[in-house]
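**Student:** got a predicted structure here, sequence first:
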Amino acid sequence: MPPAPCPSLADLCDEHISSPQRLSVVEPGIFFDFGKVKSFHGRIETVRCFESNPIVRTVLSSPGENRVLIIDGGASKRVAILGDQITQLAINNNWSGIIVNGCVRDSALIGGMEIGVKALGTHPVKSVKTYQGERGVIVNFGGVEFVPGWWVYADEDGIIVSEKQLHKDDGEESTSKL
């Protein structure tokens, strides 16, 4: 089941920006939308891999539980870390979205898929399969730390990260102003 919709990033920032130590905004203009879903959020899971994506396939083959996978691909623009087949695994396993500090391929196909995907750009060459990578580590890019278990929110206006959940979910009270 997809996560409950949440307010726009602009509204979340208006409500919670007064405590910047708990709300971080990713540097604007870096990431582009590729998935059909433009607004997504969830708890953070992370991987770090450089030009090699076996760990991405492994993680997205596991239950997503509406989490968002943050892939630190070292900002490489020499190969794609994510393509349509691995993106389909994410959909099949209930991931809410994927944010790639690197490139994707098969962008026309991903554009029709019911998942949020943000990345630096596209590249037609697939990644190598030689380096496994790391899972569940703190990664840092776009001026923000992505910590496993924290929350990430993304829409057409950008990406924000918070230690706490910022929206109401199934009738729960929203986290008070941080």
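**Tutor:** Now that the structure is in, tell me what you want to look at.

**Student:** pretty sure residue 35 contacts residue 97?
**Tutor:** Yes: Residue 35 lies in contact with residue 97 (CB atoms under 8 Å); the separation is 7.0 Å. (C-beta placed from N, C-alpha, C; glycine too.)

**Student:** what is in contact with these two at once?
**Tutor:** 115, 116, 117, 118 (CB atoms under 8 Å, 6 or more residues apart in numbering).

**Student:** tell me who's in contact with the first one.
**Tutor:** By CB under 8 Å, 6+ apart, the contact set of residue 115 is 35, 36, 37, 40, 87, 90, 91, 95, 96, 97, 98.

**Student:** go through these and flag which are in helices.
**Tutor:** 87, 90, 91 (DSSP state H).

**Student:** helix, strand, or coil at residue 5?
**Tutor:** Of the three states, residue 5 takes coil according to DSSP: H, G, I helix; E, B strand; the rest coil.

**Student:** this protein: strands as residue ranges?
**Tutor:** 23-25, 32-33, 40-48, 68-72, 80-82, 97-104, 116-122, 134-135, 139-141, 144-146, 151-155, 158-162 (DSSP state E).

**Student:** contacts for stretch 78-93?
**Tutor:** In contact with stretch 78-93 (CB under 8 Å, 6+ apart) are residues 35, 49, 51, 53, 56-57, 60-64, 69, 71, 73, 98, 100, 102-106, 109-110, 113-115, 117, 119, 122-128.

**Student:** and the pLDDT at the residue most central in space within the chain?
**Tutor:** By CA atoms, centre = their mean, the chain has its centre lying nearest to residue 99, at 3.1 Å. pLDDT for residue 99: 99.

**Student:** would you agree it is in contact with residue 31?
**Tutor:** Yes: counting by CB under 8 Å, residue 31 is a contact partner of residue 99 at 6.8 Å.

**Student:** overlap in contacts of the two?
**Tutor:** With CB under 8 Å, 6+ apart, residue 99 and residue 31 have common neighbours 118, 119, 159.

**Student:** nearest to residue 151, of those?
**Tutor:** Distance to residue 151 across these (CB to CB) is lowest for residue 159, with 11.3 Å.

**Student:** ok, that closest one - contacts?
**Tutor:** 9, 25, 26, 31, 99, 118, 142, 144, 152, 153.

**Student:** find me the pLDDT at the nearest residue to the second one once chain neighbours are set aside, would you?
**Tutor:** The spatial neighbour of residue 25 that comes closest, neighbours along the chain excluded (CB to CB, 6 or more residues apart in numbering), is residue 160 at 5.3 Å. What the model reports as pLDDT for residue 160 is 97.

**Student:** nothing else from me, thank you.
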